[in-house]
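A.B. asks: Sequence and predicted structure, then a few things I'm wondering about:
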Amino acid sequence: MPSVQRVTLRPFRLPLRGALRWGRASEIRAMEHLLLEVTLSDGSLGRAEIPPRPTIYGETPDTIRAAIAYLEPRLVGVEIEDTEALQQALAALPNHPTARGGLDIALWEARAMARGVRLEDLLPPAKARVRVSYILGIADLEEMLRDAQRAYAAGVRVFKVKVGRDLEQDLERLRRLREAFPDVALYADANETLTPENAARYLEAWAAAGLLYVEEPLPIERVTARRALRQRGILPLIADDSCFTPRDLERELELDTFDVLNLKPARTGFTTSLAMLARARAAKKRVMVGSQASSSFGAYHAAFVAFQAGVDEPSELAFHLKAEGAFLEFPPFREGWLYWADLARTRFDPEAFARYAL
């Protein structure tokens, strides 16, 4: 039985066509991520993208290298089919979500290769297509409209709009988006920027502007305020930062603070993402798959979760459109949808990756 032989990290950089800004002051101008590779004793290979997010998870490229250095000796020698032992090894290092999530995804890929099958054989789709969304960061009107036009031309019909710094500016941006793209659905991500005192006023204005829902309007620690805001029923609430882990999810389900769970495989891998999806479905919560501002390769892996039963809201599978370059040619979107038949033909391109490797 093949076992884990080594784990390697290969940093890469993909410039963005424009900065992504969110929250009170966060910003990225390039994807400075790491490609993780797991090699098995029979030569089988699994890959995953790791996106360091210092302002969200406290992870930097250096902390990810340290986390992998800590976990690798616990994984080496473990049989690829011993999923319980592999998960126990990953659990030896709490936190470090994207390092552990990347390892889990790469282990799934390596397991598929060792069996002589494709990843989709381990994660078969439950449907033929999924609706996709694109993230619009905080920007001036003209920059935002150019970004939206590029995504719209690529087939996206749902925009997730970063909001929360200025209500009037937010409303003007939303008005201009609605005017320019009348057939597009909109929802908001406030990234915890509101307060219990002003949240209802903001949500009422966004509801009047026709938004579908809003993600994390209040700081995570304001638990009772978040529950009270949901009980008012102004807009459905999306849980993201409040549900990093299964333990977080249990707390939020008990408090009943949200309507839609945003699952991000970049931080929870396949194994934990599937477990959280099942738990959310059992609790009758809606689910979407989110992006960690990943390349097309990260979006490719996230799509495997988006195609599972129970993911019924638009999934953030289009951020790679903001990147200048790719090492996986992502399939086209067709009138707002990603089709499984197109995704199944997608492959990692080692030669293209070499152009962006550091």
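C.D. replies: Received, thanks.
A.B. asks: for the chain, longest strand please?
C.D. replies: strand 4-22 (DSSP state E).
A.B. asks: Following the chain onward from that one, which element is next?
C.D. replies: Downstream of strand 4-22, the next assigned helix or strand under DSSP states H and E is strand 26-40.
A.B. asks: so which helix or strand takes in the residue positioned nearest the centre of the chain?
C.D. replies: Closest residue to the average C-alpha location of the chain: residue 291 at 2.4 Å, with C-alpha atoms, centre = their mean. Following DSSP H and E, there is no helix or strand that holds residue 291.
A.B. asks: Begin at 755, not 1, for the rest of this chat.
C.D. replies: Fine by me, first position is 755 from now on; the one you just mentioned is residue 1045.
A.B. asks: That one contacts residue 1057, doesn't it?
C.D. replies: No - between residue 1045 and residue 1057 there is no contact under C-beta atoms under 8 Å: 10.6 Å. Quick note: C-beta positions are derived from backbone N, CA and C, even for glycine.
A.B. asks: Quick check: neighbours shared by the two?
C.D. replies: Jointly contacting residue 1045 and residue 1057 under the rule C-beta atoms under 8 Å, 6 or more residues apart in numbering are residue 1071.
A.B. asks: Contact partners for residue 1052?
C.D. replies: 787, 802, 803, 805, 1020, 1045, 1046, 1074.
A.B. asks: can you check residue 1003 too?
C.D. replies: With C-beta under 8 Å, 6+ apart, residue 1003 has these contacts: 993, 997, 1015, 1030, 1033, 1034.
A.B. asks: how close does the closest residue to the fifth one other than its chain neighbours sit to residue 797?
C.D. replies: When you say that, I think you mean residue 1033. Leaving aside its chain neighbours, residue 1033 sits nearest to residue 1003 (6.0 Å; criterion: C-beta to C-beta, 6 or more residues apart in numbering). Distance, residue 1003 to residue 797, by C-beta to C-beta, to the nearest Å: 37 Å.
A.B. asks: follow-up on the earlier one: give me the buried entries from the contacts of residue 1003.
C.D. replies: 993, 997, 1015, 1030, 1034 (16 or more other C-beta atoms under 10 Å).
A.B. asks: For the residue nearest to the centre of the chain, give me the pLDDT.
C.D. replies: Looking at residue 1045, its pLDDT reads 88.
A.B. asks: Okay, it and residue 941: tell me how far apart.
C.D. replies: For residue 1045, the distance to residue 941 - C-beta to C-beta - is 14 Å.
A.B. asks: which residues are common contacts for those two?
C.D. replies: Between them, residue 1045 and residue 941 share no contacting residue, judged by C-beta under 8 Å, 6+ apart.
A.B. asks: Just the ones of the contacts of residue 1003 in helices?
C.D. replies: Mapping those onto helices (DSSP state H) picks out 1030, 1033, 1034.
A.B. asks: my guess is the last one contacts residue 1043, does it?
C.D. replies: No - if you go by C-beta under 8 Å, residue 1034 and residue 1043 don't touch, sitting 11.8 Å apart.
A.B. asks: Show me whatever sits in contact with both of these two.
C.D. replies: With C-beta under 8 Å, 6+ apart, residue 1034 and residue 1043 have common neighbours residue 1017.
A.B. asks: hmm, which two among the buried ones among the contacts of residue 1003 are most spread apart?
C.D. replies: 993 and 1030 (10.5 Å; C-beta to C-beta).
A.B. asks: shared neighbours, the two?
C.D. replies: Here residue 993 and residue 1030 have 1003, 1015 as joint contacts, going by C-beta under 8 Å, 6+ apart.
A.B. asks: Specify the next element, helix or strand, located C-terminal of the host helix or strand of residue 959.
C.D. replies: Per DSSP H and E: residue 959 is located in helix 953-962. Counting by DSSP H and E, the next helix or strand C-terminal to helix 953-962 is strand 968-969.
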